[in-house]
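Student: requesting a structural model of the entry that follows:
(one chain, ligands or ions: 3)
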Amino acid sequence: MEGRIIKLTGGLYTVQTVQGPIEARPRGLFRHHNQAPKVGDKVLIEGSTITELFERTNDLQRPSIANVDQAFLLNAAANPEFSFNLLDRFLALIESHDVRAVIVVPKIDLLDASQLATLKAQMRYYEPFYDIHYVSTKDPSTFTSLKATLKDKISVLAGQTGAGKSSLLNVIDPNLDLKTGEISKALGRGRHTTRHTQLWPVEGGLLADTPGFSKLTFDHLKPEELPHLFPDFVALSEGCKFRECQHLNEPHCAVKQALQADQILKSRYQNYQILHQELKDVKRY
Ligand SMILES: Nc1nc2c(ncn2[C@@H]2O[C@H](COP(=O)(O)OP(=O)(O)O)[C@@H](O)[C@H]2O)c(=O)[nH]1
Ligand SMILES: [Mg+2]
Ligand SMILES: [Zn+2]
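Tutor: Ligands and ions are numbered 1, 2, ... in the order given. Just a heads-up that it's a prediction; the model follows:
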């Protein structure tokens, strides 16, 4: 029977199947992968044994989840102040893990109508490349379109502390926070909570209760890889003279031409330059 691993605690896996959740253990390491199954893996089970592990589409380390379809990247409209730099860094990081990013702007109730209109106008630049959801916990109906995207997918949340991740979990399923709270209580002592990642069935999909991409580090990337992580630049790069154009000092660069023609958000290009330099400065051995 086919299933999806939604939880791992002390070597015991919980596999979601058409017959409901089943607790199972793996047969051992898997020949083709030489690795243990993890949360998010699509597997075959016989009785209470995981017998086969399907190929992964991607493989996150923190939290440890395979086959993530999308990451909701939260950048609050205010408090903390909206940052295009953080937005672009997170987007590149998520792209580098082969995960689809979905932009979420929480706390729109903290802006007045004209401030919100200004932010939306700036964000319009991203619309051809990313879905954007503007939400507020003060108006739960703002979450309707976001909820609809959960179906049949594995989703994780990303974004800095205070962005509104826990609040979003709470709106999507008020039981989620409670459940994680129960786990820490069950462990007792209340001093140290051992967190384990778990996928919760919500809106016909699965949502991780542990945020991803919390370390905004790019050690795994070479500067030459960066152009591929900016889909807006990728779309233009056909017009660059050089195939592996870095869009920095090369002649006949379509990205720089678009920048001069105001077809690229200035902050977007600046953030690209900053990141490119940072990746060059990373020590490699
Ligand atoms: N006004 C307003 N406050 C919000 C909204 N979403 C979250 N907050 C508040 O922002 C703070 C941080 O939210 P939280 O969900 O804990 O962020 P996290 O650190 O990303 O999990 C909390 O005080 C929330 O009550 C919103 O849509 N509107
Ligand atoms: Mg939180
Ligand atoms: Zn170029």
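Student: when you work out contacts or count neighbours from here on, use the C-alpha atoms and nothing else.
Tutor: Will do.
Student: kindly export stretch 16-36 (C-alpha atoms) in CSV.
Tutor: This file holds the C-alpha atoms of stretch 16-36, laid out as CSV (Å, rounded to 0.1, in the frame of the first residue of the first chain):
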residue,chain,number,x,y,z
GLN,A,16,-0.7,8.4,6.2
THR,A,17,-2.6,6.0,4.0
VAL,A,18,-6.1,5.7,2.5
GLN,A,19,-6.8,3.5,5.6
GLY,A,20,-5.7,6.3,7.9
PRO,A,21,-2.4,6.7,9.8
ILE,A,22,-0.3,3.5,10.3
GLU,A,23,2.7,3.2,12.6
ALA,A,24,5.6,1.5,10.8
ARG,A,25,9.3,0.8,10.8
PRO,A,26,11.6,0.7,7.8
ARG,A,27,13.0,-2.6,6.5
GLY,A,28,16.5,-1.1,6.8
LEU,A,29,18.5,1.2,4.5
PHE,A,30,17.2,1.4,1.0
ARG,A,31,19.3,0.1,-1.8
HIS,A,32,18.8,2.8,-4.3
HIS,A,33,19.1,5.6,-1.9
ASN,A,34,21.3,4.2,0.9
GLN,A,35,19.4,6.4,3.3
ALA,A,36,16.7,6.2,5.9
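Student: quick one: mean pLDDT over that stretch.
Tutor: For stretch 16-36, mean pLDDT rounds to 84.
Student: for stretch 207-227, same thing?
Tutor: 91.
Student: can you tell me if it touches ligand 3.
Tutor: No: using C-alpha under 5 Å from the ion, stretch 207-227 stays clear of ligand 3, coming no nearer than 8.6 Å.
Student: give me the contacts around that stretch.
Tutor: Outside stretch 207-227, the residues that touch it by C-alpha atoms under 8 Å, 6 or more residues apart in numbering are 62-63, 89-90, 92-94, 96, 150, 154-160, 165, 169, 176, 197-201, 233-234, 244, 246-247, 276-277, 279-280, 282.
Student: and the closest residue to residue 23 other than its chain neighbours, what does it touch?
Tutor: Excluding its sequence neighbours, the residue lying closest to residue 23 (C-alpha to C-alpha, 6 or more residues apart in numbering) is residue 14, at 4.5 Å. For residue 14, the contacting residues are 5-8, 21-24, by C-alpha under 8 Å, 6+ apart.
Student: likewise residue 157?
Tutor: With C-alpha under 8 Å, 6+ apart, residue 157 has these contacts: 71-74, 165, 208-212.
Student: can we see that at 10 Å?
Tutor: 70-74, 101-102, 104, 164-166, 168-169, 207-214 (C-alpha atoms under 10 Å, 6 or more residues apart in numbering).
Student: residue 204 now?
Tutor: Taking C-alpha under 10 Å, 6+ apart as the test, what residue 204 contacts is 147-153.
Student: buried ones among those?
Tutor: Among these, those classed as buried by neighbour count (16 or more other C-alpha atoms under 10 Å) are 150, 153.
Student: just give me the closest of the contacts of residue 204 to ligand 1.
Tutor: Distance ranking of the contacts of residue 204 against ligand 1, using C-alpha to the nearest ligand atom, places residue 147 first at 15.1 Å.
Student: which members of the contacts of residue 157 occur in helices, if any?
Tutor: Using DSSP state H, the members of those that fall in helices are 165-166, 168-169.
Student: need the residues you listed in CSV with neighbour count and distance to residue 135, can you?
Tutor: Converted to CSV, the ones in helices among the contacts of residue 157 look like this (neighbours: other C-alpha atoms under 10 Å; distance: C-alpha to C-alpha, whole Å):
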residue, neighbour count, distance to residue 135
165, 24, 12
166, 17, 14
168, 20, 9
169, 18, 13
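Student: out of those, who's near ligand 1?
Tutor: Residues of the ones in helices among the contacts of residue 157 in contact with ligand 1 (C-alpha under 6 Å from any ligand atom): 165-166.
Student: closest to residue 134 out of the ones in helices among the contacts of residue 157?
Tutor: residue 168 (11.8 Å; C-alpha to C-alpha).
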